[in-house]
Every structure is written in C-alpha cells, then in structure tokens.
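**Q** Please find the sequence and the predicted model below.
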Amino acid sequence: MSNQVKVISKVDRPLIPIDSTCERYICLNLRLPPQPQQSQDRLPLNLSLIIDRSGSMSGDKLAYVKEAAIHTLRLMGETDRVSVVIYDDEVEVIAPSTTLTSASRQDLIRRVERVTTGGMTNLSGGWFSGCDQIADHMTAAHLNRALLLTDGLANRGIVDQEELVFQAKELRRRSITTTTFGVGHDFNQFLLQGIADAGGGHFYFIDSPRQIPNYFQGELGELLATVVKEMTLDIGLPDGVTCSLLNDLPFEQNGDRLRLYLGDGYAGETRSLVFKVSTPPRPLGESLVLPLRLNYEDTLARRSVTLENQPVEFKVVSKGEAESQPANEEVQQEAGRLEAEKAKMEALKKEYQGDIVGAQTALRRAGAIISETFPAAPAQALMDELQELDKSITAGLTAQARKARHYATYTVQRSRKDYKE
C-alpha cells in the first residue's frame, strides 16, 4: 500500500568470513507516505505555546517570538486547540486552551501582542502549566505537543537536569510530546535536547532572533503533516550477534531484540539509520538473519500498523570470498559520517564538562576507527573534520560555536532538517 512506511535495508558487505568475528554496517532508510490530498484527514492539534519572557528576552528576541506565535496561530485550523503560557519568575496562562474560531484567534493574537519581559526563568513551572492545559483537553483524536522556548538557564522551580528529563519521559508516557527551542547562546543545549529526546519531540538551536519564525513554522509544518505516530522499530538479533546504533536515538535492548523509539513522522519524510553489527565465529554456509518489524499508528487511517519487513541477512563464506567482495560505498560513507558525528557529540559533551583531554581522546579514537574501516578519500575528509574540532577545542570554543557544532551534529544524527533559512 502506498500509504505505508517503507523500510529499505542495505549492508556494506553481505558476506562474513568462516570461523571469524567481524563487523558489518547496516543502513536502513525509512520513507514515510506522501501528504494526504485532503487537509481534514490530518489529526487536529492540541498545542501549548510556552514562552520565556524573562528579562534576557527583551528586544528582538521577544519581538520575533511574538511574531512566530502569531504566525502559528494564523496557520492553525478551526479543529485545532491552543493555549499560551508565559513564564519568568512567575507563570501566567495568558490564554487557556481553546479551539481556534475566528473570534478566539483574534483574541489570542491580541494577548500575545501585549506580552512584555520580566525577571528570572522558571522553566519547569511554565512547561508544566502548558502541559496541564494540553492534558485537560486530550482526546485520542488529537496530536498533543508542548512547544517550549527559552533563551536561558532554568534558575527557578525544578533546575536539576535529570529530574527535568525524567518529567519529559513521564509526560510522553501520557501522550504529551515536548519540542524545545533554545534561543541565543546562554541556554544549556544538553538540557533542552535531553527534554526533547525524552519527550519524543525535537530540539532547535536558534542562533539569531530573526530565525525564530522560520523554526516555529518548520515545526508546525511537520505537525500539520504528521502521518504516523509513535514509530518503533524492532531488530531481531541471532545468538551471539551484537548491534549498536550510530544515530543518537532512544533505544532499549531486551534479550534478542533491539527496539528503537522513532516518535512521530511527517508526510514525505526520509530517515537514515545506521547500525554496527558484530558477528561471532560461524561455520561455512550458515546464514545470520536479522528480522525487522515496524510498528506505528497511521494517523490518516486511524489504525495501528505492524509491518514485517524483509530481514537483513549475512552469509558465512570462505575468508577469500569474504575479503574479495565489493563494498557498498554508499553504506560505508553513511556509516563513516555517523561514526564521526557520534565522536563529535561525545567530545562536545566532555568539553562542556571541562574535560578537554577526554574530548580530544574521543576524537582521536574515532579518527583511528574511521581510517582503518573506510575508504581512503572519505575517511580522510572525516578525519580532517575531527582534527579541526580537536584544534578548536584546544583553542577554546565560544558559546556560539559550541551550540552551533552541537546542533549541526544533532541534525545529522537525527536526519533532521534545519529550518534556519
């Protein structure tokens, strides 16, 4: 059926040598169905716009946020619901959740236009109040999402990162998804990405206030085009086979099954997932079969879908035959890219924690893996990128450079669009 998600699998080399351990890469491309012809087929939205109005948001930041919020209100339909929450030291629900009639839309716009800046940053208070507005009007027919924007650090209410991430996970369990927008250079990118990851949403780094409307419109465009909800991908692992994910995505392993949590997906979206598989020694002629199962909710047909996809298969052959097989360069390049991005993110985390030596070690270790595993030309280009980041970390990263590099790596690891322009 054309409205189903398609899973296309490729491996770098399908043959593995007899009686030897070896590593292989699997690349899975997920292609989501196209946009429905009738817009009324989509799920109505149940949103909360949660806006930081602390003192640091004064000037262009708040002006562009209000512009983005108003544009969002104008793009939403009459079947959608929305609330607006602002926060500094205090939290104020300036617009309780309401459906968007012509009159209510104009009233909401007027309320947003009157927002001014205040004091500190009670991020948790604003976020939870927005989620309460969503929870009060949840139905199975709605797509529920909190859009949380801040330009600073959480310094009132709950400030512990682990606790905030835990709360995001609990909200997701209740079917409330959280997307985060970090504006400027003073917020904690690991906190906002952690909330978005645990909350099943997206993280955005907004370098300049003028980009705020673009990012809001990009996120809303995806929401309006959502065709699947809560995708999970299960990979079966034969005895002794281990599998690690190179993308930075939530997953869990339970015995002989690896499960990825892929969240919601919009029409026409393509995602690339890469895995490193380690195989134990096997006798000649044996096959290793990794079954693939995709589960999701089809928002157009309003039904749950389970797809048993073509499994990934490796065959045990003689060492000579395994060594002479041609490699799939496309898979190798994608795997090399994600190996590099994984190392960059690890290095950026250590740099943020002040562990410069640990950051440099992570980059150099990844460089060695890439040089030994992948073809010379693409490997050299990736190693040059790692060395350039190594030099930048040694010299000292600015707050802007730190967040820009973090976000660039995040978008690659998640197959995400950047709505900057």
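**A** Sure thing, it's come through.
**Q** Which strand residues bridge residue 292?
**A** Here residue 292 sits in beta bridges with residue 235, residue 309, going by DSSP bridges.
**Q** does it really touch residue 235, like I thought?
**A** Yes. The pair residue 292 and residue 235 passes the contact test of C-beta atoms under 8 Å, sitting 6.1 Å apart. All C-beta spots, glycine's among them, are computed from the backbone N, C-alpha and C.
**Q** Overlap of the contact sets of those two?
**A** Between them, residue 292 and residue 235 have residue 312 as joint contacts when contacts are counted by C-beta atoms under 8 Å, 6 or more residues apart in numbering.
**Q** And the two? Which one has more around it.
**A** Taking neighbours as other C-beta atoms under 10 Å, residue 292 and residue 235 compare with residue 235 leading, 25 against 18.
**Q** can I assume residue 286 is in contact with residue 316?
**A** Yes. Between residue 286 and residue 316 there is a contact under C-beta under 8 Å: 4.6 Å.
**Q** Looking at those two, which is more packed in?
**A** residue 316 (22 against 13).
**Q** what does the model give the more buried one for pLDDT?
**A** In this model, residue 316 is scored at 94, pLDDT.
**Q** Give the helix, strand or coil label for it.
**A** strand (DSSP: H, G, I helix; E, B strand; the rest coil).
**Q** List the contacts of it.
**A** Contacts of residue 316 by C-beta under 8 Å, 6+ apart are 15-18, 282-288.
**Q** As JSON lines, these with pLDDT and distance to residue 390 would be great.
**A** Below are these laid out as JSON lines (pLDDT from 0 to 100; distance: C-beta to C-beta, whole Å):
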{"residue": "15", "pLDDT": "95", "distance to residue 390": "36"}
{"residue": "16", "pLDDT": "94", "distance to residue 390": "34"}
{"residue": "17", "pLDDT": "94", "distance to residue 390": "34"}
{"residue": "18", "pLDDT": "93", "distance to residue 390": "40"}
{"residue": "282", "pLDDT": "89", "distance to residue 390": "39"}
{"residue": "283", "pLDDT": "90", "distance to residue 390": "44"}
{"residue": "284", "pLDDT": "93", "distance to residue 390": "44"}
{"residue": "285", "pLDDT": "88", "distance to residue 390": "45"}
{"residue": "286", "pLDDT": "90", "distance to residue 390": "42"}
{"residue": "287", "pLDDT": "92", "distance to residue 390": "42"}
{"residue": "288", "pLDDT": "93", "distance to residue 390": "37"}
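**Q** Could you rank those residues by neighbour count and give me the top one?
**A** Busiest of the contacts of residue 316 [other C-beta under 10 Å] is residue 16, holding 25 neighbours.
**Q** Surely it and residue 238 touch.
**A** No. With contact defined as C-beta under 8 Å, residue 16 does not reach residue 238; the gap is 11.7 Å.
**Q** Name the residues contacting each of these two.
**A** By C-beta under 8 Å, 6+ apart, the residues touching both residue 16 and residue 238 are residue 288.
**Q** Can you dump the C-alpha atoms of the strand or helix carrying residue 204 in PDB for me?
**A** Here residue 204, judged by DSSP states H and E, is contained in strand 200-206. Extracted as PDB, the C-alpha positions of strand 200-206 are listed here (Å, rounded to 0.1, in the frame of the first residue of the first chain):
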ATOM      1  CA  GLY A 200       9.600  12.500  21.900                       C
ATOM      2  CA  GLY A 201       9.900  15.900  20.200                       C
ATOM      3  CA  HIS A 202      12.600  17.900  18.500                       C
ATOM      4  CA  PHE A 203      15.300  20.300  19.700                       C
ATOM      5  CA  TYR A 204      16.200  23.500  17.900                       C
ATOM      6  CA  PHE A 205      19.100  25.900  18.300                       C
ATOM      7  CA  ILE A 206      18.100  29.400  17.200                       C
END
